[in-house]
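> everything below, folded, please.
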Amino acid sequence: MLEIAPNGRTWLLTGPASSYAVHLTEADELLHLHWGPAITLADAEALAVRPLPDYWPFESPLDGREEYPVEGGPRFVRPALSVRTEERRGTEWSFETYETDADADELRLRFRDDGLVVTLHYRMRGDVVERWTTLENQGSDTLELLRADSATWTLPDREDWRLSQLHGRWAAESRLVRSPLTYGEKVIGSRRGHTGHQHLPWVALDSDATEERGEVYGCALGWSGSWRIAVAQLPDARVQITGGAGHDDSGLLRLTAGESFTTPVFAGLWSEGGFGGASRAWHAYQRAYVIPDAEQDRPVLFNSWEATEFDISEEQQEALARRAAAIGVELFVVDDGWFGARTSDRAGLGDWTVNRDRFPGGLKPLADSVHALGMQFGIWVEPEMVNPDSDLYRAHPDWAQFQPGRKRTELRNQLVLNLAREDVQEYLWGQLDALLSSAPIDYVKWDFNRCFTDAGWPGEPYPQRLWVDHVHAFYALLDRLRAAHPGVAFESCSGGGGRIDLGVMSRTDQVWTSDNTDPLDRLAIQHGFSQLHPARAMAAWVTDSPNAMLNGRVSSLRFRFVSAMAGVLGVGGDLTRWTEEELAEAREWVELYKGIRPLVQRGDQYRLRAPQGGLSAVQYVLGGETVVLAWLQAQHYGEPVPALRLRGLDPTASYECLETGEILRGAVLQHHGLRVGLRGDLDAAVLRLRRI
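From the prediction side, this is the model:
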């Protein structure tokens with residue numbers, strides 16, 4: 001709900017449990033008033049008349065209070081907007097008007113600085129506030145956007161703020177860390193051209209929250225390129241969070257007369273339900289407003305990569321498909337190696353035509369065979385990359401990113417295509433559209449296996465725009481393919497979790513969480529992922545034991561399946577080497593997962609115990625049903641496994657545990673817990689409860 005004060009200078013957005021308010025002073029200073037529990041418009045107006053502190057001359061009364069600080073004038077904080085012309089730098093704006101869109105429940109506040117028009121956008125979806133900014137050049141001079149952040153978030157005065165973030169690297173993504181916030185700035189981001197394995201674009205702040213109690217403020221950026229989020233504790237202890245596209249202030253874009261730039265969404269959420277309550281609100285928001293077709297449960301898939309790597313053939317894939325169908329798999333995916341001269345990672349990227357030596361009739365015969373087995377058919381692609389050993393590169397070496405006069409850096413024997421070029425965009429559209437039209441393909445795993453290093457564009461007057469335009473072109477290509485092939489689902493992958501953010505998730509059906517498929521390592525990775533993103537989007541595989549790719553760890557099929565069942569279940573092992581006993585057990589696990597899939601993918605998630613060395617568990621609740629996935633990482637000194645105190649249940653109702661036959665009241669389950677029959681190391685269990 002959006003409310004406006006009678007004077008037209010105070011605006012209040014209210015969701016089910018929270019409110020967000022801003023105020024415009026007579027001097028056209030846009031001040032932040034409130035973000036937190038729901039308040040009335042009268043409350044907001046009372047806040048608006050409070051005077052600013054008198055800090056001059058060494059501190060600014062605006063710092064830590066402005067809604068969107070710009071460069072220039074009486075300000076010392078990090079600016080959200082930095083603009084340069086040939087004559088000057090900075091912004092001196094004045095308020096023009098506000099607009100509302102009742103259908104979109106959107107507020108727009110418009111300001112002007114000569115020819116530059118700045119529009120701040122606000123939209124409340126549930127208790128998530130979406131903010132973004134549009135910059136339009138209505139003058140005659142060219143404007144250079146050195147920095148154009150999506151939003152600045154202002155937090156209320158609190159003592160002892162604590163910062164939560166998700167950090168990592170390849171094969172160790174999205175690991176949660178919490179630390180005290182100190183004076184100065186904490187900056188996270190990516191200067192790699194994609195979201196990156198090192199940080200997810202999300203932060204959360206609290207002062208005394210637990211998993212299920214206390215205030216939590218969170219912000220998440222929807223951008224799949226280089227980005228930056230800065231969390232600053234200012235000299236007067238106030239805290240602001242600023243974030244947007246681009247990692248530094250070297251330049252985003254030039255806007256000539258009539259051109260505009262719209263920043264990505266920077267979303268914010270306040271919750272008083274602790275970290276778990278905040279996560280559930282983020283999950284509900286993404287299922288309702290971000291993830292395409294989120295009401296449809298994702299199928300159990302098999303991916304051929306770890307079974308075959310590059311050594312593939314049609315007969316071999318058909319043999320795997322028969323075994324996959326026999327254990328209940330619903331989607332069969334052919335990974336790398338089906339196209340061009342792709343017999344290793346040294347050649348073929350860019351040539352998106354079927355290798356006829358491996359698939360003499362193209363992909364259609366295999367796809368038809370897979371469909372006849374009752375499964376959907378999918379393939380792997382990496383369209384934004386090119387191998388120097390490829391027909392595409394030999395024909396168009398200038399289509400790759402490079403700096404003139406410098407050696408072209410190859411990572412994984414490949415270069416990055418300059419997707420900002422229109423000819424590259426049209427080439428990829430033609431190749432991928434033809435591919436998806438050539439066979440009944442239901443799913444595409446879209447990979448991105450190296451970072452930007454030589455991001456040059458010889459001949460382009462403003463080559464820095466490559467960083468932004470590449471992402472916009474990637475989005476546009478995905479949007480165009482989805483529109484032309486509405487039955488095809490897409491997965492985002494970037495060597496695992498290198499491209500996971502709200503921007504790419506609005507265009508894909510699921511994401512590949514990590515190349516690390518070790519089931520024990522995945523518990524911490526999945527725990528961090530769940531701080532922001534729902535299980536409905538989190539792909540997780542069961543692969544072979546020992547884990548040959550990463551650490552050689554031995555784990556039971558039981559532990560591997562229960563670990564992967566916490567998200568969108570997949571299988572990636574070499575099924576031709578599994579014993580009949582293993583295949584039979586796998587069939588039972590797949591059948592069990594299908595039974596609990598609606599709860600896992602659409603239910604409310606409760607993190608009962610974090611993966612910190614002993615027992616860890618996660619619970620999903622949907623309607624009158626609940627399921628608990630539990631893992632025992634180690635047991636010491638003969639100590640009993642503690643009971644799991646469940647959440648989200650009706651304390652007045654009775655529940656039957658389908659595994660043990662126990663019938664317990666919801667109040668007992670929540671206060672005294674449920675015993676889990678686990679022993680030893682790397683044991684796991686699934687417990688299903690139904691209200692009776």
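
> any idea how far the residue most central in space within the chain is from Phe332?
Against the mean C-alpha coordinate of the chain, by C-alpha atoms, centre = their mean, the closest residue is Asp501 at 2.7 Å. With distances taken as C-beta to C-beta, to the nearest Å, Asp501 is found 28 Å from Phe332. For glycine as for every other residue, the C-beta is placed from the backbone atoms N, C-alpha and C.

> on that earlier part again, quick check: the residue nearest to the centre of the chain touching Thr195?
Yes. With contact defined as C-beta atoms under 8 Å, Asp501 counts as touching Thr195 (4.8 Å).

> what residues do those two have in common as contacts?
Common neighbours of Asp501 and Thr195, using C-beta atoms under 8 Å, 6 or more residues apart in numbering, are Pro201, Trp223, Ser224, Trp227.

> by neighbours, which of those wins?
Within the shared contacts of Asp501 and Thr195, neighbour counts (other C-beta atoms under 10 Å) peak at Ser224, which reaches 32 neighbours.

> just checking, that residue touches Gly503?
Yes. Between Ser224 and Gly503 there is a contact at 4.7 Å, judged by C-beta under 8 Å.

> any shared contact partners between the two?
Contact criterion C-beta under 8 Å, 6+ apart; residues shared by Ser224 and Gly503: Val471, Tyr475.

> and which of the shared contacts of Asp501 and Thr195 is nearest to Gln316?
Set against Gln316, the nearest of these by C-beta to C-beta is Ser224 (34.1 Å).

> for the longest helix along the chain, enumerate the helices and strands it packs against.
Taking DSSP state H as the criterion, the chain has its longest helix at helix 580-602. The criterion is 3 or more C-beta pairs under 8 Å, 6 or more residues apart in numbering; DSSP states H and E, and the helices and strands that helix 580-602 contacts are helix 314-326, helix 557-564, strand 568-571, strand 615-622, strand 625-632, strand 683-691.

> contact partners of the last one?
Counting by C-beta under 8 Å, 6+ apart, the neighbours of strand 683-691 from elsewhere in the structure are 556, 558-559, 561-563, 565, 592, 595-596, 624-632, 646, 649-650, 653-660, 666, 669, 674, 676-678.

> can you do 7 Å?
Strand 683-691 is contacted from outside by 558-559, 562-563, 592, 596, 624-632, 650, 653, 655-659, 674, 676-678, using C-beta atoms under 7 Å, 6 or more residues apart in numbering.

> just the helices in the protein please.
41-48, 274-285, 305-308, 314-326, 364-372, 391-395, 422-438, 466-484, 502-505, 519-529, 557-564, 580-602, 666-671.

> contacts only, for Thr91.
Counting by C-beta under 7 Å, 6+ apart, Thr91 touches Val70, Glu71, Gly72, Leu81, Val83, Asp113.

> tell me who's in contact with the first one.
When contacts are counted by C-beta under 7 Å, 6+ apart, Val70 is found next to Pro79, Ala80, Leu81, Thr91, Trp93.

> report pLDDT for the closest residue to it other than its chain neighbours.
Nearest non-adjacent residue to Val70, counting by C-beta to C-beta, 6 or more residues apart in numbering: Thr91, 4.0 Å away. pLDDT for Thr91: 94.

> surely Leu269 is in contact with His283?
No. Using C-beta atoms under 7 Å, Leu269 is not in contact with His283, being 10.9 Å away.

> one step back: looking at the shared contacts of Asp501 and Thr195, which is nearest Leu481?
Distance to Leu481 across the shared contacts of Asp501 and Thr195 (C-beta to C-beta) is lowest for Ser224, with 15.6 Å.

> wait, doesn't the closest one sit right on Thr195?
Yes. At 5.5 Å, Ser224 counts as touching Thr195 under the criterion of C-beta under 7 Å.

> quick revisit: name the stretch among the helices and strands packed on helix 580-602 that sits most buried.
Across these, averaging neighbours per residue (mean count of other C-beta atoms under 10 Å) puts strand 568-571 on top, at a mean of 26.

> show me what it is packed against.
Where contact means 3 or more C-beta pairs under 7 Å, 6 or more residues apart in numbering; DSSP states H and E, strand 568-571 is packed against strand 301-303, strand 538-542.

> partner strands of the shortest one and their direction?
Which is strand 301-303. Strand pairing for strand 301-303, using DSSP bridges, gives strand 331-334 (parallel), strand 568-571 (parallel).

> circling back to that earlier point, show me which of the contacts of Val70 are buried.
Among the contacts of Val70, those classed as buried by neighbour count (16 or more other C-beta atoms under 10 Å) are Pro79, Ala80, Leu81, Thr91, Trp93.

> so which of these sit within strands?
Leu81 (DSSP state E).

> now the buried ones among the contacts of Val70 in a markdown table, with distance to Glu460?
Shown next, in a markdown table, are those (distance: C-beta to C-beta, whole Å):
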| residue | distance to Glu460 |
| --- | --- |
| Pro79 | 27 |
| Ala80 | 27 |
| Leu81 | 24 |
| Thr91 | 26 |
| Trp93 | 30 |
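
> check the buried ones among the contacts of Val70 against Gly168 and report the nearest one.
Nearest member of those to Gly168, counting by C-beta to C-beta, is Ala80, at 27.3 Å.

> give the contact list for the residue lying closest to the closest one once chain neighbours are set aside.
Nearest non-adjacent residue to Ala80, counting by C-beta to C-beta, 6+ apart: Asp149, 4.0 Å away. Asp149 makes contacts with Ala80, Leu81, Thr242, Gly243, Gly244, Thr263, as judged by C-beta under 7 Å, 6+ apart.

> I figured the first one hits Glu71, correct?
It refers to Ala80. No. Using C-beta under 7 Å, Ala80 is not in contact with Glu71; the gap is 8.7 Å.

> count of neighbours near Gly552?
Other residues near Gly552 come to 10 when the count uses other C-beta under 10 Å.

> surely it and Ser545 touch.
No. Applying C-beta under 7 Å as the test, Gly552 and Ser545 come out as separate, 9.4 Å apart.

> residues in contact with stretch 152-165?
Residues contacting stretch 152-165 (C-beta under 7 Å, 6+ apart): 32, 35-36, 64-65, 67-69, 80, 176-181, 186, 188, 199, 203-207, 217, 219, 231, 233, 237-242, 268.

> try 6 Å
Contacts to stretch 152-165, defined as C-beta atoms under 6 Å, 6 or more residues apart in numbering, come from residues 32, 68, 80, 178-181, 203-207, 217, 219, 239-242, 268.

> contact partners for the residue nearest to the centre of the chain?
Residues near Asp501 by C-beta under 6 Å, 6+ apart: Thr195, Pro201, Gly222, Ser224.

> and for Pro519?
Taking C-beta under 6 Å, 6+ apart as the contact definition, Pro519 lies against Ser555, Phe559, Arg560, Ser563.

> before we move on, back to that, would TSV of the strands paired with strand 301-303 with distance to Glu87 be doable?
Listed next are the strands paired with strand 301-303 as TSV, based on distance: least, C-beta to C-beta, whole Å:
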stretch	distance to Glu87
strand 331-334	56
strand 568-571	54
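
> tell me which of those sits nearest to Arg609.
strand 568-571 (21.6 Å).

> run the chain-centre distance for that closest one.
Its chain's C-alpha centre and that of strand 568-571 lie 18 Å apart, by C-alpha atoms, centre = their mean, to the nearest Å.

> now do stretch 346-358
Distance, centroid of stretch 346-358 to centroid of chain: 30 Å (C-alpha atoms, centre = their mean).

> and if you look at stretch 668-676?
Between the centre of stretch 668-676 and the centre of its chain there are 33 Å (C-alpha atoms, centre = their mean).

> with stretch 145-161 instead?
Mean-position distance between stretch 145-161 and its chain equals 20 Å (C-alpha atoms, centre = their mean).

> CA atoms of it as CSV?
Output in CSV follows, covering the C-alpha atoms of stretch 145-161 (Å, rounded to 0.1, in the frame of the first residue of the first chain):
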residue,chain,number,x,y,z
LEU,A,145,28.0,8.0,-15.6
LEU,A,146,31.0,7.2,-13.4
ARG,A,147,28.8,5.6,-10.8
ALA,A,148,25.0,5.0,-10.8
ASP,A,149,24.0,2.8,-7.9
SER,A,150,20.5,1.4,-7.6
ALA,A,151,19.8,2.6,-4.1
THR,A,152,21.1,3.6,-0.7
TRP,A,153,19.6,2.0,2.4
THR,A,154,19.6,3.7,5.7
LEU,A,155,19.3,1.7,8.9
PRO,A,156,17.9,3.0,12.2
ASP,A,157,20.2,3.8,15.2
ARG,A,158,21.2,0.7,16.9
GLU,A,159,24.2,-0.5,19.0
ASP,A,160,26.5,-3.3,18.0
TRP,A,161,25.5,-3.9,14.4
